[in-house]
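Peer 1: test case, fold it:
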Amino acid sequence: MKAVGCLLLVVLEIIFFALIGDYMSHRNDVATKDTDSLSQVSDTADESTESTSDMGTYVGPYTDRNGRFHKGHVRKSYNLHPKAYQHRARSRYYNHTHIRKHSH
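Peer 2: Now for the predicted structure:
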């Protein structure tokens, strides 16, 4: 009886995550359609930059190569402006070279 309960729980979790994944991907598709229609209207849109929504991109649940399960989440979008690349690189360099030793 305990095994049947566990099996039912696993099946319900799979169905739940599938529904959430479908909902979030649909929500992301709707948000990107708005930005795609805007980029088609403007003639000055740069072809090399990809259009992303303000919400970001949904990443569904997955299992990595080590067998660990990762829940679904929204990957945040980032600025594609050329100066933003420089700022990110500068802060990455600073954080890497000025690392503090923590005593955990």
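Peer 1: can you tell me the centre-most residue of this protein?
Peer 2: residue 75 (2.0 Å; CA atoms, centre = their mean).
Peer 1: gap between residue 19 and residue 13?
Peer 2: From residue 19 across to residue 13, the span is 11 Å (CB to CB, to the nearest Å). Backbone N, C-alpha and C define where each C-beta goes, glycine included.
Peer 1: which residues in this protein form strands?
Peer 2: 57-59, 62-63, 69-70, 73-75 (DSSP state E).
Peer 1: could you dump these to JSON lines with distance to residue 9 and mean pLDDT?
Peer 2: Below are the strands of the chain laid out as JSON lines (distance: least, CB to CB, whole Å; pLDDT from 0 to 100):
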{"stretch": "strand 57-59", "distance to residue 9": "24", "mean pLDDT": "90"}
{"stretch": "strand 62-63", "distance to residue 9": "18", "mean pLDDT": "94"}
{"stretch": "strand 69-70", "distance to residue 9": "15", "mean pLDDT": "94"}
{"stretch": "strand 73-75", "distance to residue 9": "22", "mean pLDDT": "90"}
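Peer 1: of those, which stretch is the most buried?
Peer 2: Highest mean neighbour count among those (mean count of other CB atoms under 10 Å): strand 57-59, with a mean of 16.
Peer 1: for it, which helices and strands make contact with it?
Peer 2: helix 2-41, strand 73-75 (3 or more CB pairs under 8 Å, 6 or more residues apart in numbering; DSSP states H and E).
Peer 1: would you single out the least confident of the ones you listed?
Peer 2: Across these, helix 2-41 has the smallest mean pLDDT, namely a mean of 72.
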